[in-house]
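In: 3D model of this:
(one chain, ligands or ions: 2)
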Amino acid sequence: MTILEQTIAAIRPADPAAVAEARAHQDRLTKPRGALGALEDVAVRLAGASAVSPPPLPTPPALAIFAADHGVHAQGVSPWPQEVTLQMVGNFLAGGAVANAFAAQVGASVTVVDVGVAADLDPAPGLRISKVAYGTADMSRGPAMTAVQATAALEAGIAVARDLVDAGARCLVTGDMGIANTTASAALICAFTGHDAAVVTGRGTGADDETLARKVAVVREALRVNGLAGPQGVPSGAGALETLAAVGGLEHAAIAGFILGGAACGVPVILDGVIAGSAALAAAALAPAAVDHCVAGHRSAEPGHAVALDHLGLRPLVELELRLGEGTGGLLAHPLVCAAVRAMREVATFDSAGVTEKEA
Ligand SMILES: O=C(O)c1ccc[n+]([C@@H]2O[C@H](COP(=O)([O-])O)[C@@H](O)[C@H]2O)c1
Ligand SMILES: Cc1cc2nc[nH]c2cc1C
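Out: Ligands and ions are numbered 1, 2, ... in the order given. Below you'll find the model as predicted:
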């Protein structure tokens, strides 16, 4: 078996007994039933994923920022030059990006992973060089990646997840950096959900009306050229790797692997924005049970993100109109996920605290 196949085989779906026990326990805690709203669902979700109720505290957290470039940038789909990907990697490594500030706020380690930046990076502390290619090919002319490249990027993401968990991380947070990657995200979301490009394509880093119209046309062309156009989307399982290779980015593939790797290790994965959402669609198509180990950190302003989360059945914890990526929205959700689990682990029950329950 390949590493990818072994990882997929190791992923367990939510444990129904732990879910039932967690639900029942929520109702015994000293609060009105359901009073913690969506946080109750998060704690129950983590119980199912870990197969233990109450689940372990998902801390310490580790952020991995997967960086890569995109051949489709040549089609004029982003207002920013491609070299900003490389420059922002330098900024992450120097500690100067928003992701660094938010990681410091929540106590997350930061690992930057070069899976496909279109330039050579010098070794540096906090940088992991797992380069599969110097950017993808232009998906509007043919497949962005070969199946071999997509698999290598998936396995790079799996290895990052494994190593972070081995080093003590108990929660993984996805991050991405890649100029033009919202175009690839839109194409993945179309291909995996069957939605139209006009519905899921957004302004990314700030595309004007003309650029947005071009992006929609480029996404349509990429789907057509790669034989992915059609109202039905892509059936789960069959064709998942080929779809990812055709219109995904190297960071999308690596994030999909990171999700699979976290799920296989039994450690929850907090998803960031639209790039993570689209990568999660690929992970779910490869291994449906992986979704049980994911928490949607936030919902970004990019319209395809809501479509992806709906398709995955995930409810975002934070909605702040963020549209940055890097893992920023995922990091902000980490204290909420911890609070949800801590409540389940530490709050007294009506019995233990001697609090009278409501009348039947
Ligand atoms: O996380 C999001 O939902 C998100 C939404 C818009 C933009 N981004 C970030 O912006 C970059 C891609 O934007 P663009 O316009 O070049 O496709 C990439 O580095 C992403 O991390 C991220
Ligand atoms: C400056 C900048 C920072 C980013 N962080 C993630 N994507 C980004 C895109 C740009 C352009």
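
In: Determine the number of other residues adjacent to residue 129.
Out: Residues near residue 129, counting by other C-beta atoms under 10 Å, number 15. (C-beta placed from N, C-alpha, C; glycine too.)

In: who's in contact with it?
Out: 114, 121, 123 (C-beta atoms under 8 Å, 6 or more residues apart in numbering).

In: so what pLDDT did it get?
Out: Per-residue pLDDT puts residue 129 at 98.

In: measure it to residue 89 for me?
Out: 11 Å (C-beta to C-beta, to the nearest Å).

In: Next, residue 128: secondary structure please.
Out: Three-state assignment for residue 128 (DSSP: H, G, I helix; E, B strand; the rest coil): strand.

In: before we move on, what about residue 24?
Out: Three-state call for residue 24 (three-state DSSP): helix.

In: Kindly state the pLDDT recorded for the most centrally placed residue in the chain?
Out: For the chain, the residue nearest the mean C-alpha position is residue 276 (3.0 Å; C-alpha atoms, centre = their mean). Note for residue 276: predicted pLDDT of 99.

In: Likewise for the one 3 residues further on?
Out: The score at residue 279 is 98. That number is its pLDDT.

In: That one looks like it's in a strand, true?
Out: No - counting by three-state DSSP, residue 279 is not part of a strand but helix.

In: pretty sure it is touching residue 269, no?
Out: No - under the criterion of C-beta atoms under 8 Å, residue 279 is not in contact with residue 269, lying 10.5 Å apart.

In: how about the residues of the stretch 201-350 of the chain near ligand 2?
Out: Neighbours of ligand 2 within the stretch 201-350 of the chain, by C-beta under 6 Å from any ligand atom: 205, 324-326.

In: What separation is there between the residue nearest to the residue nearest to the centre of the chain when sequence neighbours are not counted and ligand 2?
Out: Distance criterion C-beta to C-beta, 6 or more residues apart in numbering; nearest residue to residue 276, sequence neighbours excluded, is residue 174 at 4.3 Å. Residue 174 is 13 Å from ligand 2, where distance means C-beta to the nearest ligand atom, to the nearest Å.

In: Also residue 276?
Out: 12 Å.

In: same question, residue 90
Out: Plainly put, residue 90 is 12 Å away from ligand 2 if you go by C-beta to the nearest ligand atom.

In: Which secondary structure element is home to that residue?
Out: For residue 90, the host element (DSSP states H and E) is helix 83-94.

In: Is that helix in proximity to ligand 1?
Out: No - residues of helix 83-94 are not located near ligand 1 by C-beta under 6 Å from any ligand atom, the shortest gap being 6.9 Å.

In: Just give me how far that helix sits from the chain centre.
Out: Between the centre of helix 83-94 and the centre of its chain there are 20 Å (C-alpha atoms, centre = their mean, to the nearest Å).

In: in that helix, what counts as buried?
Out: Across helix 83-94, burial judged by 16 or more other C-beta atoms under 10 Å covers 84-86, 88-89, 91-93.

In: export the very next helix or strand once past it as CSV, just CAs?
Out: The helix or strand immediately downstream of helix 83-94 is helix 98-106, counting by DSSP H and E. Provided in CSV are the C-alpha atoms of helix 98-106 (Å, rounded to 0.1, in the frame of the first residue of the first chain):
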residue,chain,number,x,y,z
VAL,A,98,-1.0,38.3,10.5
ALA,A,99,-0.8,34.5,10.8
ASN,A,100,2.2,35.0,13.1
ALA,A,101,0.4,37.5,15.3
PHE,A,102,-2.7,35.3,15.6
ALA,A,103,-0.6,32.2,16.2
ALA,A,104,1.1,34.0,19.0
GLN,A,105,-2.3,35.0,20.4
VAL,A,106,-3.5,31.4,20.6
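
In: what packs against helix 98-106?
Out: strand 61-68, strand 109-116, helix 328-346 (3 or more C-beta pairs under 8 Å, 6 or more residues apart in numbering; DSSP states H and E).

In: now with 10 Å?
Out: strand 61-68, helix 83-94, strand 109-116, strand 171-177, helix 328-346 (3 or more C-beta pairs under 10 Å, 6 or more residues apart in numbering; DSSP states H and E).

In: how big is the angle separating the shortest one from helix 98-106?
Out: What separates the directions of strand 171-177 and helix 98-106 is an angle of 160 degrees, with axes from the mean of the first three to the mean of the last three C-alpha atoms, to 10 degrees.
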